[in-house]
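Engineer: mind folding the following:
(chains A and B)
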Amino acid sequence: MALEAIKLSEEEMLAKAKDLRKNIIKMTTEAGSGHPTSSLSAVEIVTGLYFGGHLRLDPENPADPDRDRFILSKGHAVPVLYAAMAERGFFPVEETMSLRKLGSPFEGHPNLKRMPGIEASTGSLGQGLSIGVGQALGLRLDGKDSNVYVMIGDGEMGEGQVWEAIAAAAKYKLGNLVAIIDQNGYQQTGATKDVLDLTPFADKIAPFGWHTQTINGNDLGEALGALEKADAVTDQPSLIVSQTQKGFGILPVLETTGDLNYHGKPLSSELAEKALAHLG
Amino acid sequence: MAIGELSGYQMGQATRDAFGEALADLGDEFPNVVTVDGDVGNSTRTEPFAEKYPERGFNVGIAESNMVSVAGGLAGTGKIPVVASFACFLLNNAFDQIRMSVAFPEQNVKLVGSHAGISIGEDGPSQMGIEDVSLACSLPNVSVMVPADGVSAKKATRAMVGHQGPTYLRLGRPKVPALYDESVHFQIGKAITLKDGSDATIIANGIMVSIAADAAKMLEDEGVNTRVIDMHTVKPVDRAAVVAAAKETGCIIVAEEHLHHGGLGAAVAQVVSEEHPVPMGYVNVGDCYAESGDPMGLLEKYGLTAENIVSTVKAVKSR
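Structural biologist: Sure thing, here's the model as predicted:
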């Protein structure tokens, strides 16, 4: 095997997105803990990255120095990453059912020491974009054309370090760096606009020297289009503000619980069954 | 009298100056070395490297959190990032970044903290790194070095760059006595016995090694044959050297330019208590923040003197 970016048809990608959603629900319900809704909001972008012709990877050689890199800075959404990596061939899908269990490398947050293919150990919010800046600098220094993609949560934007990284990426005109804010509108204790409102992200970040786009990130077509445009930007870092819904795909099921945030807890077996049935 | 003078040492380079020279010298041999700075490269002495290899020097501004995580990212692409700031700003400001972007993922990042201790002088306590060794030692996977003079700081710089894994190198601002010539063998985790002795042992690092040598000279004149060990690596501490000192000299005094808690004293005491308990004493900054003043006046006021080491050795020996 060699480095390869897999590009499926949009129809196949929609099916893949559905598979990711189902696996996210199954693995977190099996684990009895975790962040399914924070993972579900990010599915379309992650599907686009792994199956829309963007991430050049080799599951047989995850450390290939020429690979593209995806850093999940909002590490609590790691079920979406495990689900995508499984579909991409890094490990069998069944193994993800060991999520959060003692002895399993499928830890509650990404741990690169225990899982080849993970690009950054995250879970303390705010550091992923800085790590991405470092990787982008290193890759550029080596003359490689590899790209670095970093996904950040909208609540995570409250971390000052993210803004330090935004400034640094602009200083070095990192055209090989793409940041995606998964703006699902909620954080641990409530709506992000009520906790610490830093929107509009694009209007604030563009003046640093970033190319910006704001999209409906749960629309696969928009996600794919934004990733294409971001890849084409080579003289400055690129931001995709991906406006999403936390728990997208199973919202009618979550509505029955009366908790639209549904933060940091798995679905009960009963709810999971309903959610899987809803996804079809 | 200048420190080290009593024991016959000439004033030499500051450890930060030696580090800066050594780093610039090894850039060709180690093409993956890069520097990441928080806009104090002319103080930490990464500047000569960054000037010699401009494409490999990254000044990310006054943003230590970002600085450390950027270094973690660079290490993720096979670079050997040397990330330098004042010890206090590096360890205290960016501690979580050191934990999550460096120590936990075991990235090959070289942390360098200059202006450590109270001997930075006039700038005062906000600039004094006196918690740094404790913080660095608390992190799994990180080796911690505190060289005592210019030659050993150069050798520590080379050892650090050649070592696979995260390291912390602690450097001082003022000139310190030259203790070694080029023939000295420097190895991470292997203490250097500066002077042998059988009645007591002083284990020190950094600027306190030459002060310990002066103390040993004073004790010698009183008939106390004192061993002086330069424990330049706090983690992993040289257990064999500590155990031998405990067994052969019967008591150990630890001298360091750091808070009482969590530094070299704690590292040595753990080994002594586990392997061969003997009476111990400590000469350090204690449990307080210092103040502005001239460096040597500060060392004196806060008890980091040969005289205080001598009286501590005597007190411990009489227990």
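Engineer: how does chain B divide into domains?
Structural biologist: Domain assignment for chain B by automatic domain parsing gives B:12-177, B:192-317.
Engineer: establish whether the first one and chain A are in contact.
Structural biologist: Spelled out, it's domain B:12-177. Yes - using C-beta under 8 Å from any C-beta of the partner chain, domain B:12-177 comes into contact with chain A via B:34, B:36, B:55-56, B:58, B:60-61, B:63, B:65-66, B:68-79, B:81, B:96-97, B:99-101, B:104-106. Backbone N, C-alpha and C define where each C-beta goes, glycine included.
Engineer: what's the ChimeraX line that selects buried ones from those residues?
Structural biologist: In ChimeraX, a selection of the buried entries from the residues of domain B:12-177 next to chain A looks like this (16 or more other C-beta atoms under 10 Å in any protein chain shown):
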select /B:34,36,56,58,60,63,65,66,68,69,70,71,72,73,74,75,76,77,79,81,97,99,100,101,104,105,106
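Engineer: give me the subset of the residues of domain B:12-177 next to chain A lying in helices.
Structural biologist: B:Ser65, B:Asn66, B:Val68, B:Ser69, B:Val70, B:Ala71, B:Gly72, B:Gly73, B:Leu74, B:Ala75, B:Asp96, B:Gln97 (DSSP state H).
Engineer: contact partners for the third one?
Structural biologist: Taking C-beta atoms under 8 Å, 6 or more residues apart in numbering or on different chains as the contact definition, B:Val68 lies against A:Ser130, B:Val36, B:Val83, B:Leu90, B:Ala94, B:Gln97, B:Ile98, B:Ser101, B:Val102, B:Val109, B:Leu111.
Engineer: not counting residues beside it along the chain, what's closest to the residue of the stretch 1-150 of chain B found nearest chain A?
Structural biologist: In the stretch 1-150 of chain B, no residue comes nearer to chain A than B:Gly73, which is 2.1 Å away by C-beta to the nearest C-beta. For B:Gly73, ignoring the flanking residues on the chain, the nearest one in space by C-beta to C-beta, 6 or more residues apart in numbering or on different chains is A:Gly134 at 2.1 Å.
Engineer: model confidence score at that neighbour, please.
Structural biologist: pLDDT recorded at A:Gly134 is 98.
Engineer: where's it, which helix or strand?
Structural biologist: Element membership for A:Gly134, per DSSP states H and E: helix A:128-141.
Engineer: same question, A:His278
Structural biologist: A:His278 belongs to helix A:269-279, assigned by DSSP H and E.
Engineer: so where do the helices sit in chain B?
Structural biologist: B:15-25, B:41-44, B:47-52, B:64-75, B:87-88, B:95-97, B:132-137, B:150-162, B:208-221, B:239-249, B:264-275, B:295-301, B:306-317.
Engineer: identify the residue nearest A:Val233 in space, chain neighbours excluded?
Structural biologist: Ranked by C-beta to C-beta, 6+ apart and with sequence neighbours excluded, the top spatial neighbour of A:Val233 is A:His211, at 4.5 Å.
Engineer: wait, that neighbour touches A:Ile240, no?
Structural biologist: No - using C-beta atoms under 8 Å, A:His211 makes no contact with A:Ile240, being 9.5 Å away.
Engineer: contacts only, for the closest residue to chain B within the stretch 101-250 of chain A.
Structural biologist: The stretch 101-250 of chain A approaches chain B most closely through A:Gly134 (2.1 Å), counting by C-beta to the nearest C-beta. By C-beta under 8 Å, 6+ apart, the contact list for A:Gly134 reads B:Val36, B:Ser69, B:Val70, B:Ala71, B:Gly72, B:Gly73, B:Leu74, B:Ala75, B:Gly76, B:Thr77, B:Pro81.
Engineer: now the residues you listed as CSV including pLDDT?
Structural biologist: Shown next, in CSV, are those (pLDDT from 0 to 100):
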residue, pLDDT
B:Val36, 98
B:Ser69, 98
B:Val70, 98
B:Ala71, 99
B:Gly72, 98
B:Gly73, 98
B:Leu74, 98
B:Ala75, 98
B:Gly76, 98
B:Thr77, 98
B:Pro81, 98
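Engineer: can you lay out those as TSV showing distance to B:Glu29?
Structural biologist: Shown next, in TSV, are the contacts of A:Gly134 (distance: C-beta to C-beta, whole Å):
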residue	distance to B:Glu29
B:Val36	20
B:Ser69	27
B:Val70	24
B:Ala71	20
B:Gly72	24
B:Gly73	24
B:Leu74	18
B:Ala75	18
B:Gly76	22
B:Thr77	20
B:Pro81	16
